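Undergrad: Okay, structure incoming, though there's no sequence with it:
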Ligand SMILES: O=P(O)(O)OC[C@H](O)CO
């Protein structure tokens, strides 16, 4: 029997479902055993995998989040393109089986799939139905509607809004929802050479200036930049709404919160675009690391085949809220009546299928994990009154471009 390992960053409820998938694969056949290992946050998982690769102790499969994808795809020789792994091991592969939004996010510039989409998400707006009813307002579709409703929500005794990740929700997907360019060179997809971040814009300055006004007026809560710093305020009933991952759906359901909740799209500014554009996929994908035996690679291919079967995909989607990555799994969820029972479970995938534009397919920036650190640092300093928005955005742009330039050198 061949044994393989899978490093991932799925904690809590998500980790339980990962373990169920691994157990299901192990029971489904006698040739292979996969062992999932929780390595901490997405950032910690990626750091551990890079260190392990350098020491020749890499796992067979590692989960890498969207922000780290360009770095890993650009690290030639570190991974085996998943498309090659599958076809070399006799597993049928057709990129058209995947929903449009996930098809090319983890592909190289030739359209070859390098990472296997796994937990794909969208940032959505969750709302406490009881809180909005107490305030006599509807869930907002736009930030203008949020501004109009927020004072009544505050008067009803709630913090109107919190969010879980400034870069993902207020920067990266902000650009997609408004079809604004986020980097030169076709958002970085045309190559690392000369790619520059386009964060220092009128629209970013306007949005964060508004967020700071809301914060100062008690209409927005901000408790830190780690993934878990803010959601607790929604869970405990003090915040009426939060922007978070569609992949939070399963965890929220499992918590059995003492109030009714639902979700809707990530708001956009009607002043920038009347109709919002699609978001692009978040979450993470699975990479097969290089340097493993043929037997182990065959085991990884068999696991990926199992993982992408409609039944396993639907189970993962149903239990977590991550979007189904194949058309077949989405159809299965619809046929099973999943969205009639839980309308909030469909928000993420529907948002990925809204109108698209030239800037809505995501971004490809190397060392973007480090750029996120700069964004979090400078945007927090602005929200805490330690710098101006002009200086914050200029600093992110300068440090971001320096990191992008360094990445372009390593990638060549
Ligand atoms: O919380 P997740 O797993 O949906 O991931 C959100 C972001 O895309 C990670 O960078």
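TA: Looks like it arrived, so ask away. Note that the structure is a prediction, hence the values are computed from the model and not measured.
Undergrad: make it CA atoms for all contacts and neighbour counts henceforth
TA: Will do.
Undergrad: Run through who's touching stretch 402-412.
TA: 74-75, 192-196, 365-368, 370-371 (CA atoms under 8 Å, 6 or more residues apart in numbering).
Undergrad: Quick check: the farthest pair among those?
TA: 75 and 196 (19.5 Å; CA to CA).
Undergrad: so residue 361 touches residue 282, yeah?
TA: No: Residue 361 is beyond contact range of residue 282, at 11.0 Å (criterion: CA atoms under 8 Å).
Undergrad: okay, these two: which has more neighbours?
TA: For residue 361 versus residue 282, the count of surrounding residues by other CA atoms under 10 Å is larger for residue 282: 27 against 23.
Undergrad: How are the strands of this protein distributed by residue range?
TA: Counting by DSSP state E, residue ranges of the strands within the chain are 2-8, 32-38, 61-65, 79-80, 116-121, 123-128, 159-163, 239-245, 261-265, 282-289.
Undergrad: is the last one up against the ligand anywhere?
TA: Spelled out, that is strand 282-289. Yes: interface with the ligand: strand 282-289 contributes 282, 283 (CA under 6 Å from any ligand atom).
Undergrad: strands paired with that strand, and their directions?
TA: In the sheet, strand 282-289 lines up against strand 61-65 (antiparallel), strand 79-80 (antiparallel), strand 116-121 (antiparallel) (DSSP bridges).
Undergrad: could I get those as JSON lines with mean pLDDT and mean neighbour count?
TA: Listed next are the strands paired with strand 282-289 as JSON lines, based on pLDDT from 0 to 100; neighbours: other CA atoms under 10 Å:
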{"stretch": "strand 61-65", "mean pLDDT": "97", "mean neighbour count": "27"}
{"stretch": "strand 79-80", "mean pLDDT": "96", "mean neighbour count": "21"}
{"stretch": "strand 116-121", "mean pLDDT": "94", "mean neighbour count": "26"}
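Undergrad: Turn those strands into a markdown table, columns for distance to the ligand.
TA: Converted to a markdown table, the strands paired with strand 282-289 look like this (distance: least, CA to the nearest ligand atom, whole Å):
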| stretch | distance to the ligand |
| --- | --- |
| strand 61-65 | 5 |
| strand 79-80 | 20 |
| strand 116-121 | 5 |
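Undergrad: Residue 182 against residue 197, yeah?
TA: Yes: using CA under 8 Å, residue 182 is in contact with residue 197, at 6.1 Å.
Undergrad: Neighbour count for the two, which is higher?
TA: The neighbour count for residue 182 versus residue 197, taken as other CA under 10 Å, is higher for residue 182 (27 against 23).
Undergrad: do you know how far that one is from residue 174?
TA: Distance of residue 182 to residue 174, given as CA to CA, to the nearest Å: 9 Å.
Undergrad: Repeat that for residue 211.
TA: Distance of residue 211 to residue 174, given as CA to CA: 13 Å.
Undergrad: again with residue 158
TA: For residue 158 relative to residue 174 (CA to CA), the value is 25 Å.
Undergrad: Kindly report the residues of the stretch 151-300 of the chain close to the ligand.
TA: 168, 245, 247, 282, 283.
Undergrad: make it 5 Å
TA: Neighbours of the ligand within the stretch 151-300 of the chain, by CA under 5 Å from any ligand atom: 245, 282, 283.
Undergrad: hang on, isn't residue 83 packed against residue 108?
TA: No: judged on CA under 8 Å, residue 83 makes no contact with residue 108 at a distance of 10.9 Å.
Undergrad: what sits in contact with each of the two?
TA: Taking CA under 8 Å, 6+ apart as the contact rule, residue 83 and residue 108 both touch residue 114.
Undergrad: Spatially central, which residue of this protein would that be?
TA: residue 282 (2.3 Å; CA atoms, centre = their mean).
Undergrad: Show me the helices in the stretch 101-250 of the chain, by range?
TA: 129-135, 143-155, 173-177, 184-187, 202-216, 232-235, 249-255 (DSSP state H, counting those that start in this stretch).
Undergrad: Output the lowest mean pLDDT helix or strand found in the protein.
TA: One helix or strand of the chain scores below all others by mean pLDDT, DSSP states H and E: helix 100-103, with a mean of 80.
Undergrad: got the contact list for that helix?
TA: 95, 96, 113, 117, 120, 280, 281, 325, 352, 353, 361.
Undergrad: now swap in stretch 262-275 and tell me
TA: Against stretch 262-275 from outside (CA under 8 Å, 6+ apart): 123-129, 139-144, 174, 177-178, 203, 243, 276, 343-344, 347-348, 351.
Undergrad: now those: which count as buried?
TA: Taking 16 or more other CA atoms under 10 Å as the criterion, what is buried in the contacts of stretch 262-275 is 123-129, 139-143, 174, 177-178, 203, 243, 276, 344, 347-348, 351.
Undergrad: how about stretch 308-323, does it get close to the ligand?
TA: No: contact of stretch 308-323 with the ligand (CA under 5 Å from any ligand atom) is absent, the minimum separation being 7.2 Å.
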